[in-house]
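Q: Just a sequence and a predicted model for now, questions to come.
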Amino acid sequence: MLLAGCSGPAGDRESASPAPAVGRIASADPGSVNTFWLRTPRGLVVVDAQRSLSDARRALAAIRGTGDPVAAILITHGHPDHVGGVGVLHDAYPAAPIHSSEATAAWMRADPLHFYEITRKLPGADYAPELTYPDHTFAPGATLDVGGVRLETAEFGPGETETATAYYEPRSGALFAGDLVANRATPALLEGHVCGWLTDLDRLRTRFPHARTLYPGHGAPGDAADLIERQRTYLEDFRRLVRPTVRPDSPAGRKVSPDEQRSIIADLGRAYPGYPSVASLPTLMQENVKSVARELLEEDPAELPPACRDV
Ligand SMILES: [Zn+2]
């Protein structure tokens with residue numbers, strides 16, 4: 001299903017507070033990548049821009065279908081699945097500023113892990129040959145005035161990625177969290193900062209304690225506290241499953257054996273069935289296991305922040 005509707009999710013309807021007028025379009029797999037738009041007095045504030053050009057064009061058609069102009073485009077982080085279509089939106093709405101944090105804009109220009117290059121080479125990628133970059137950047141923790149609405153921001157990372165921004169609209173309690181939270185999706189843990197991600201989730205909760213509906217990078221929006229908690233549990237479970245396989249006394253020593261890897265993936269599949277992968281990498285789960293194992297081996301237990309002690 002491509003168009004998930006232009007009204008808010010169930011969580012909004014259940015609340016007594018003013019429902020944020022948020023529309024959403026999600027890509028087909030991989031990973032149900034979200035583009036949201038927040039209705040403001042001066043038009044739509046669009047959050048993230050899809051991976052492929054064709055998905056970006058679908059998002060554009062849905063946005064045009066609202067009949068409202070676009071007041072601004074916001075980027076949560078630089079991963080290819082959230083910024084590939086910025087140019088499609090910018091071509092349609094050239095006057096709309098493209099906002100990101102300074103750190104995210106710098107990360108996009110540097111592409112330190114060559115993610116855009118890798119994505120362009122994937123079969124059937126349909127990826128922008130050149131990216132369109134943010135033209136308005138802000139410092140960590142800045143407040144933005146966009147479309148006549150004030151948005152609070154907070155900067156995170158390294159965690160799910162090196163640098164990430166959450167956008168919060170305090171009147172409605174709408175929290176746009178990017179990939180700090182995925183709802184029922186298998187995340188990419190390739191950047192090796194699950195402990196950092198757990199710390200980010202604690203900060204996200206305490207920084208925006210009144211958040212009501214969380215709009216995630218992947219999957220359906222939902223209750224903010226619940227989605228943050230479920231993301232935390234997924235990451236903790238992952239670490240708890242990998243940890244015994246890298247103990248010196250495990251059968252294959254500190255290496256994860258193919259059997260151990262299969263068993264971890266099967267356990268996660270049972271606990272989190274049917275979670276689509278956020279990346280079009282067929283070996284994502286195997287790579288995730290390797291990455292978590294590497295992180296656990298490199299950690300000093302005495303130095304761990306509270307969010308990842310004992311997990
Ligand atoms: Zn993503």
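A: Sure, I can see it.

Q: now could you export just the CA positions of stretch 71-83 as PDB?
A: What follows is stretch 71-83, C-alpha atoms only, in PDB (Å, rounded to 0.1, in the frame of the first residue of the first chain):
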ATOM      1  CA  ALA A  71       6.400  25.800   2.900                       C
ATOM      2  CA  ALA A  72       9.600  23.900   3.800                       C
ATOM      3  CA  ILE A  73      11.300  20.600   3.600                       C
ATOM      4  CA  LEU A  74      13.000  19.100   6.700                       C
ATOM      5  CA  ILE A  75      15.600  16.400   6.700                       C
ATOM      6  CA  THR A  76      16.000  14.100   9.700                       C
ATOM      7  CA  HIS A  77      19.300  12.500   8.700                       C
ATOM      8  CA  GLY A  78      21.400  11.800   5.600                       C
ATOM      9  CA  HIS A  79      20.700   8.100   4.900                       C
ATOM     10  CA  PRO A  80      20.000   7.500   1.200                       C
ATOM     11  CA  ASP A  81      16.500   6.300   1.800                       C
ATOM     12  CA  HIS A  82      15.500   9.700   3.300                       C
ATOM     13  CA  VAL A  83      17.200  12.200   1.000                       C
END
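
Q: Ile63: neighbour count?
A: The local packing of Ile63 (other Cβ atoms under 10 Å) involves 23 other residues. Every residue, glycine included, has its C-beta placed from N, CA and C.

Q: Surely it and Ile73 touch.
A: No. Applying Cβ atoms under 8 Å as the test, Ile63 and Ile73 come out as separate, 10.2 Å apart.

Q: Give me the common contacts of these two.
A: Contact criterion Cβ atoms under 8 Å, 6 or more residues apart in numbering; residues shared by Ile63 and Ile73: 46, 89.

Q: What parts of the chain come near the ion?
A: 79, 81, 179, 217, 278 (Cβ under 5 Å from the ion).

Q: Just put these in JSON lines and tack on neighbour count and pLDDT.
A: Shown next, in JSON lines, are the residues of the chain next to the ion (neighbours: other Cβ atoms under 10 Å; pLDDT from 0 to 100):
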{"residue": "His79", "neighbour count": "30", "pLDDT": "96"}
{"residue": "Asp81", "neighbour count": "28", "pLDDT": "94"}
{"residue": "Asp179", "neighbour count": "28", "pLDDT": "97"}
{"residue": "Gly217", "neighbour count": "29", "pLDDT": "97"}
{"residue": "Val278", "neighbour count": "25", "pLDDT": "90"}
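
Q: where does the closest residue to Asp55 other than its chain neighbours sit relative to the ion, distance-wise?
A: Excluding the flanking residues, the one nearest Asp55 by Cβ to Cβ, 6 or more residues apart in numbering is Ser27, at 4.3 Å. Ser27 sits 10 Å away from the ion, going by Cβ to the ion, to the nearest Å.

Q: check contacts around Ser27.
A: 2, 33, 50-52, 55, 58, 81.

Q: Of the residues you listed, just the buried ones, ChimeraX syntax please.
A: A single ChimeraX command is used to select the members of the contacts of Ser27 judged buried by 16 or more other Cβ atoms under 10 Å:
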select :33,50,51,52,55,58,81
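
Q: Please flag which of the contacts of Ser27 sit within helices.
A: Of the positions in the contacts of Ser27, 55, 58, 81 sit in helices, assigned by DSSP state H.

Q: okay, the residue nearest to Cys308 when sequence neighbours are not counted: pLDDT?
A: Excluding the flanking residues, the one nearest Cys308 by Cβ to Cβ, 6+ apart is Cys195, at 3.9 Å. With respect to pLDDT, Cys195 has a value of 97.

Q: Would you pull up how far stretch 296-311 lies from the middle of the chain?
A: 23 Å (Cα atoms, centre = their mean, to the nearest Å).

Q: contact partners of that stretch?
A: With Cβ under 8 Å, 6+ apart, stretch 296-311 has contacts from 194-195, 198-199, 201-202, 235-236, 239-240, 242-243, 246, 254.
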